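In: Next input, structure requested:
(one chain, ligands or ions: 1)
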Amino acid sequence: MGKELETVIGLEVHVQLDTKSKIFCSCSTGFGALPNTNICPVCCGYPGVLPVLNKKALFLALRVCLALNCRVNRRIYFERKNYFYPDLPKNYQISQYALPLGEDGFLLIPSGREIRIKRVHLEEDAGKLIHRKDYSLVDFNRAGIPLLEIVSYPDINSPQEAFDYLTQLKLTLQYIGASTCDMEKGYLRCDANISLRKKGESKLGTKVELKNMNTFRGVRDALEYEVKRQTKIIEKGDKIYQETRLWDSSQGKTFSMRRKEEAHDYRYFPEPDLVDFKIEEEWLEKERSLIGELPLTRKKRILKDYQLQEGEAEVVVSSKWLADFFEEACVYFKDYKKIASWLIGPFLEIFYAEGGDWDKVKVTPKNFSKVVRYFSTGKLNNLGAKKVLAKIFTTNADVDKVIEEEGLVQVSCEEELTKFVDEAIVANPNPVNDYLKGKQQAVMFLVGWVMKKSRGKANPKVVREILEKKLREKGGKDG
Ligand SMILES: [Zn+2]
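Out: Below is the predicted model:
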């Protein structure tokens, strides 16, 4: 083995555009409907029906092209991609081939590299086969769902870079409102091409296509497996076959699905039932104005404007919802660090415990900032503030009312706390002795005891001060 090998990866992403109805008919795109209830003669390809292009799907697709820095082709027409498969009711898929909507764009990833985008085109999804033991069923609910296919150039040099590209692409699509990218619902799917070549060579090696990865981690794992598998073959001097391989996440391996001896002939031709048309300049201007701040730009600005740490800013911009919430909360309480740490910590903890659905969060940024402020000024201790936040999370109830109802105002009054401390010393002779013998951490047990006794209301800082003072006095007396 002479020269080192280099990995070359290209990704093909299918993303479902966020529309209420399908791309060529008015059937609902709603998820989870009973099989074959969101269908009509158009998406089922009955003879004589005519497709009508969904405007919203076209405009969202244009927005994506612009956000991905693509050149938008001004003349639009669709083509029929012909093939036979039971999940394809028309025996052809309406797609774009010779003239995609967008071409030659790029996506900037966090490392600073620009991954070039080869093409972005609109098409319709097929149905879904459900295989039983000795028969198969077909559900056409997905037939006609608007998809955008986004194909990168083979610019990606490692499985990790593929992961970063996908993460950034997903975030971008979510930020501009083009797709929810919900992978569990199949709203974003990814296939990968991978080949190896000797470093410095310009000719691409034989590429292998990978399918069946359901998560970004799955894509990374499958690519890592392929790098190892192909390296071994090349180092032995054997041949890589051009083929499609399926990722099996349970075994952590890829398996050959089919060798590509014959290239598919889809007999593309222009869809005669949809006229070609021109993309107007004003449509582009409108969509450009709706893109807004993209995630990487926003992260940079948030780092600067709020003096957060890199890792904090990363979490804050990891969802547009969260970034919007953060910035609004900062309007009401100017301790940005505290807002960020309460958002990344307790807020997200409750969010995931509640099922991780932004629609379920009812607390407003204003009310959230109030809880953080009360914590900062000592009105609430850590535990109390978390309790209040949990209480108002899905109700947005009045913060002051909750504090009153729950009796959560932090007790910092020395007189009151001294009573608790005296009790703690009497009730816990062993930890007290430990402390007096020099075991400093025994004091934490006593603080905990007081916190429990006060039902979480005591100010732990003040309790500790009183405790240490009392124990010093006691130590002086006894010793
Ligand atoms: Zn339909």
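In: From start to finish, how long is stretch 287-295 in a straight line?
Out: 17 Å (CA to CA, to the nearest Å).
In: tell me which residues of it are tucked away?
Out: For stretch 287-295, a neighbour-count test (16 or more other CB atoms under 10 Å) marks 287, 290-291, 293-295 as buried. To be clear about C-beta, it is placed using only N, CA and C from the backbone, and glycine gets the same treatment.
In: Closest one of the residues you listed to the ion?
Out: Closest approach between the buried residues of stretch 287-295 and the ion, by CB to the ion: E287, at 25.6 Å.
In: host element of the closest one?
Out: Assigned by DSSP states H and E, E287 belongs to helix 281-289.
In: low pLDDT regions in the stretch 251-400 of the chain?
Out: Applying pLDDT under 70 to the stretch 251-400 of the chain picks out residues 260-263.
In: can we see that at 80?
Out: Scanning the stretch 251-400 of the chain for pLDDT under 80 picks out the ranges 260-264.
In: What is the neighbour count of the residue of it found nearest the ion?
Out: Closest contact between the stretch 251-400 of the chain and the ion, by CB to the ion, is at D273 (14.3 Å). Residues contacting D273 under the criterion other CB atoms under 10 Å number 14.
In: Run through the residues of the protein sitting next to the ion.
Out: Counting by CB under 5 Å from the ion, the chain comes close to the ion at 25, 27, 40, 42-43.
In: who wins for most neighbours among those residues?
Out: C43 (27 neighbours).
In: Could you verify my assumption that that one touches A143?
Out: Yes: between C43 and A143 there is a contact under CB atoms under 8 Å: 4.8 Å.
In: can you list residues touching both of the two?
Out: 89, 124 (CB atoms under 8 Å, 6 or more residues apart in numbering).
In: Now the residue of the stretch 101-250 of the chain found nearest the ion. Its backbone dihedrals?
Out: Residue nearest to the ion within the stretch 101-250 of the chain: G144 (5.4 Å; CB to the ion). Per-residue torsions, G144: phi 90, psi 0 (degrees, to the nearest 10).
In: Quick one: residues contacting the residue of the stretch 251-400 of the chain closest to the ion.
Out: D273 touches 50-51, counting by CB under 8 Å, 6+ apart.
In: tell me the secondary structure for it?
Out: Under DSSP: H, G, I helix; E, B strand; the rest coil, the three-state class of D273 is coil.
In: if I look at it, how far off is L210?
Out: Here D273 is placed at a distance of 35 Å from L210 (CB to CB, to the nearest Å).
In: Equivalent analysis for L50, please.
Out: With CB to CB as the criterion, L50 and L210 are 38 Å apart.
In: Of the two, which one has the most company?
Out: L210 (25 against 10).
In: Show me the helices in the stretch 101-250 of the chain, by range?
Out: 159-175, 216-235 (DSSP state H, counting those that start in this stretch).
In: Return the most buried member of these.
Out: The highest average neighbour count among the helices of the stretch 101-250 of the chain, using mean count of other CB atoms under 10 Å, belongs to helix 159-175 at a mean of 21.
In: pLDDT averaged over stretch 110-127 - what is it?
Out: If you average the pLDDT over stretch 110-127, you get 97.
In: how about that stretch: buried residues?
Out: Buried residues in stretch 110-127, counted by 16+ other CB under 10 Å: 113, 115-127.
In: For that stretch, C-alpha coordinates in PDB please.
Out: Only the C-alpha atoms of stretch 110-127 are listed here, as PDB (Å, rounded to 0.1, in the frame of the first residue of the first chain):
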ATOM      1  CA  PRO A 110     -19.700  25.000  11.200                       C
ATOM      2  CA  SER A 111     -16.100  24.100  10.300                       C
ATOM      3  CA  GLY A 112     -16.200  26.900   7.800                       C
ATOM      4  CA  ARG A 113     -16.200  24.700   4.800                       C
ATOM      5  CA  GLU A 114     -18.700  25.200   2.000                       C
ATOM      6  CA  ILE A 115     -20.200  21.900   0.800                       C
ATOM      7  CA  ARG A 116     -21.400  22.500  -2.800                       C
ATOM      8  CA  ILE A 117     -25.000  21.600  -3.700                       C
ATOM      9  CA  LYS A 118     -25.400  20.100  -7.100                       C
ATOM     10  CA  ARG A 119     -29.100  20.300  -7.500                       C
ATOM     11  CA  VAL A 120     -32.400  20.800  -5.800                       C
ATOM     12  CA  HIS A 121     -35.600  19.600  -7.400                       C
ATOM     13  CA  LEU A 122     -39.300  19.100  -6.600                       C
ATOM     14  CA  GLU A 123     -41.000  15.700  -6.900                       C
ATOM     15  CA  GLU A 124     -43.800  13.700  -5.400                       C
ATOM     16  CA  ASP A 125     -43.400  10.800  -2.900                       C
ATOM     17  CA  ALA A 126     -44.600   7.300  -3.600                       C
ATOM     18  CA  GLY A 127     -46.900   5.200  -1.400                       C
END
